[in-house]
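Student: following is a predicted model, sequence given first.
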2 protein chains.
Amino acid sequence: MEHEKCEYLCVHEDTVKKVINDMPEEEKLYDLAELFKIFGDSTRIKILYALFEAELCVCDIAQLLNVSQTAVSHQLRVLKTNKLVKCRKEGKNVFYSLSDDHVCSIINQGMDHINE
Amino acid sequence: MEHEKCEYLCVHEDTVKKVINDMPEEEKLYDLAELFKIFGDSTRIKILYALFEAELCVCDIAQLLNVSQTAVSHQLRVLKTNKLVKCRKEGKNVFYSLSDDHVCSIINQGMDHINE
DNA sequence: GTATCATATGAACAGATAAACATATGAGAG
DNA sequence: CTCTCATATGTTTATCTGTTCATATGATAC
């Protein structure tokens, strides 16, 4: 897979060992990447942002963001599967809202970075 | 683009107006998604995590994570282009480190969400 | 029952992307 | 200068992902 030229470690071995030690398990890191991947789409970010303030039905979201209903529906599914939003049915409508505050804080933290 | 069936807004108009008002500009939202997209890859997450503790050269990172040098180099380029890491040349080696603390806090926040 | 509306779902297509491979650059050693 | 090593870069390929289109579901109104 990789070439085997580099036979020594450039930094102190103990530093490297410490890094290896402190690394979370492979699976955790994978899950973390999966989480960020969900935030990594502007349609989904917009949906989440819209839900910051109020619960909204699919139709509202689509109009607000000027995105097709189908696209919104698909993305809401992704968000719901990953427990970032929850929904409540009322007659023909389905109202979506953020499932917890973590979503807010992660997005805000990201926004801080953008604005710095 | 979308079908025009839904002619009214399901929630109070003022709520919707408030949401529209409070939405950041299109471009900001796009940038935010771009930022999260960078975190949305397990190789990159691993690299960033490794750099939490110490600056490391490309070779070290590749060995640490058991990923090819080429792959690491490509990903470091992405991270550097987006100002998430910085580098320092020393002879044949190039040492990479996190460019600021925001990176840490965003990742930690995400990890908190995973662990809840 | 039928018609209509809100939403969901499945399939197909297009664009993005990460890895692998081959190769290039650039620095130090000799 | 040449050789080697660490890193970078360009290209190709395979995979993934988001949107669109067509269609299905499920609820209300009539």
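Tutor: Sure, I can see it.

Student: so where's chain A shaky on pLDDT?
Tutor: Scanning chain A for pLDDT under 70 picks out A:1-14.

Student: how about the strands in it?
Tutor: Secondary structure of chain A, counting by DSSP state E: strands at A:56-57, A:85-90, A:93-98.

Student: and the ones you listed as TSV, adding mean neighbour count?
Tutor: All C-beta atoms are positioned from the backbone trio N, CA, C, and that covers glycine. Output for the strands of chain A, formatted as TSV (neighbours: other C-beta atoms under 10 Å in any protein chain shown):
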stretch	mean neighbour count
strand A:56-57	23
strand A:85-90	14
strand A:93-98	17
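
Student: how about CSV for these, with distance to A:Ile20 added?
Tutor: Shown next, in CSV, are the strands of chain A (distance: least, C-beta to C-beta, whole Å):
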stretch, distance to A:Ile20
strand A:56-57, 46
strand A:85-90, 37
strand A:93-98, 36
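
Student: dump those strands to CSV, plus distance to DNA strand C.
Tutor: Listed next are the strands of chain A as CSV, based on distance: least, C-beta to the nearest atom of the strand, whole Å:
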stretch, distance to DNA strand C
strand A:56-57, 3
strand A:85-90, 6
strand A:93-98, 4
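
Student: so who does A:Leu29 touch?
Tutor: Residues near A:Leu29 by C-beta atoms under 8 Å, 6 or more residues apart in numbering or on different chains: A:Met23, B:Ser42, B:Ile45, B:Lys46, B:Tyr49.

Student: ok, the third one touching B:Ile107?
Tutor: Yes: here B:Ile45 reaches B:Ile107: they are 7.2 Å apart, a contact under C-beta atoms under 8 Å.

Student: picking up where we left off before, out of the contacts of A:Leu29, who's nearest A:Thr70?
Tutor: In terms of C-beta to C-beta, no member of the contacts of A:Leu29 lies closer to A:Thr70 than B:Ser42, at 29.8 Å.

Student: test my guess that that closest one contacts A:Glu27.
Tutor: No: B:Ser42 lies out of contact with A:Glu27 (C-beta under 8 Å); the separation is 10.0 Å.

Student: okay, the two: which has more neighbours?
Tutor: The neighbour comparison of B:Ser42 against A:Glu27 (other C-beta atoms under 10 Å in any protein chain shown) goes to B:Ser42, with 19 against 10.

Student: count of residues packed around the nearest residue to the more buried one once chain neighbours are set aside?
Tutor: Leaving aside its chain neighbours, B:Ser42 sits nearest to A:Ala33 (4.1 Å; criterion: C-beta to C-beta, 6 or more residues apart in numbering or on different chains). Counted with other C-beta under 10 Å, residues neighbouring A:Ala33 total 19.
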